[in-house]
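Enquirer: My questions concern the predicted model and sequence given below.
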Amino acid sequence: MDNYLFFYSMILANNPDNPLDWDEFIDAVDNDTNLINQLNKVIMDSQKKNELFESISEGNGEKKS
C-alpha cells in the first residue's frame, strides 16, 4: 500500500494539470501490474546511485550525512 501511495503522489506532483482520481489509478495498476514493478525498479536504481555517491564521499574523507 505504501508503494501505491508513493506512486500516486509522484504522479500527482508531476502532473498538476492532469488530476488522476484514486480509483482510476487503482484500476490502471490492477490492469497493468508491471507499473508497480517499474516503480520498484526506479526506486532501487535510485537507491543504488545514492549508495554509490555516499561511498565515493566516504572515500574522500567527507562525512556521510
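Expert: Thanks, I have the structure now.

Enquirer: May I ask which helix or strand encompasses the spatially most central residue of the chain?
Expert: By Cα atoms, centre = their mean, the chain has its centre lying nearest to I43, at 4.6 Å. Assessed by DSSP states H and E, I43 sits inside helix 34-59.

Enquirer: Show me what that helix is packed up against.
Expert: Judged by 3 or more Cβ pairs under 8 Å, 6 or more residues apart in numbering; DSSP states H and E, the packing partners of helix 34-59 are helix 2-14, helix 22-31. (Glycine included, C-beta is placed from N, CA and C.)

Enquirer: Go through these and name the closest to S57.
Expert: helix 2-14 (26.2 Å; Cβ to Cβ).

Enquirer: Buried ones in that closest one, by neighbour count?
Expert: The neighbour-count check on helix 2-14 (16 or more other Cβ atoms under 10 Å) flags F7 as buried.

Enquirer: Off-centre distance for that helix?
Expert: 8 Å (Cα atoms, centre = their mean, to the nearest Å).

Enquirer: For it, which outside residues touch it?
Expert: Helix 2-14 has contacts (Cβ atoms under 8 Å, 6 or more residues apart in numbering) with P19, L20, W22, F25, I26, V29, L35, I36, L39, N40.
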